[in-house]
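1. no FASTA, just this:
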């Protein structure tokens, strides 16, 4: 299963939503991938570390110019831009209000779930259902 978490901008809660989904579905053994065009220094409290702390089996940070090879199994990708390359099984959009980045409108229009900073019980239930049926 491929699940994408996109959002309206930076610092709107995309990583929080991703971590809540991972924590609620640890049995999925997620590979969590953050795709970013921004420079991110690797740290002990960065997004990929947060994914692992939430229960992801593996977490990877991919820069905008790096090639991405999707693994098999359950994969959670935090990105709007990945939607230009793949059609996920489930797309979650985090609307933080305020000004939207360029890729946000396209992602929001494709989303099956729109949330405001936190995963809803309905979203978690849908993810659990998809995991069971895959």
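-> That came through, no problem. Treat the numbers as computed from the prediction; the structure is a model and nothing was measured.
2. in this structure, where's the longest helix?
-> Counting residues, the longest helix found in the chain (DSSP state H) is helix 121-133.
3. what residues of it count as buried?
-> Residues of helix 121-133 classed as buried by neighbour count (16 or more other C-beta atoms under 10 Å): 123, 126-127, 130-131. Every residue, glycine included, has its C-beta placed from N, CA and C.
4. out of the residues you listed, who's nearest residue 57?
-> Nearest to residue 57 among these: residue 131, at 13.4 Å, using C-beta to C-beta.
5. my guess is the closest one contacts residue 30. True?
-> No - Residue 131 sits out of contact with residue 30 when judged by C-beta atoms under 8 Å, with a separation of 9.7 Å.
6. which neighbours do the two share?
-> residue 74 (C-beta atoms under 8 Å, 6 or more residues apart in numbering).
7. what packs against the helix-or-strand element of the chain with minimal mean pLDDT?
-> Here the helix or strand of the chain ranked lowest by mean pLDDT, DSSP states H and E is strand 58-63, holding a mean of 90. Secondary-structure packing of strand 58-63 (3 or more C-beta pairs under 8 Å, 6 or more residues apart in numbering; DSSP states H and E): strand 31-36, helix 47-54.
8. got these as TSV, with mean neighbour count columns?
-> Below are the helices and strands packed on strand 58-63 laid out as TSV (neighbours: other C-beta atoms under 10 Å):
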stretch	mean neighbour count
strand 31-36	22
helix 47-54	19
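9. take these and lay them out in CSV including mean pLDDT.
-> Listed next are these as CSV, based on pLDDT from 0 to 100:
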stretch, mean pLDDT
strand 31-36, 93
helix 47-54, 95
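10. quick one: closest of the ones you listed to residue 106.
-> The nearest among the helices and strands packed on strand 58-63, by C-beta to C-beta, is strand 31-36 at 15.1 Å.
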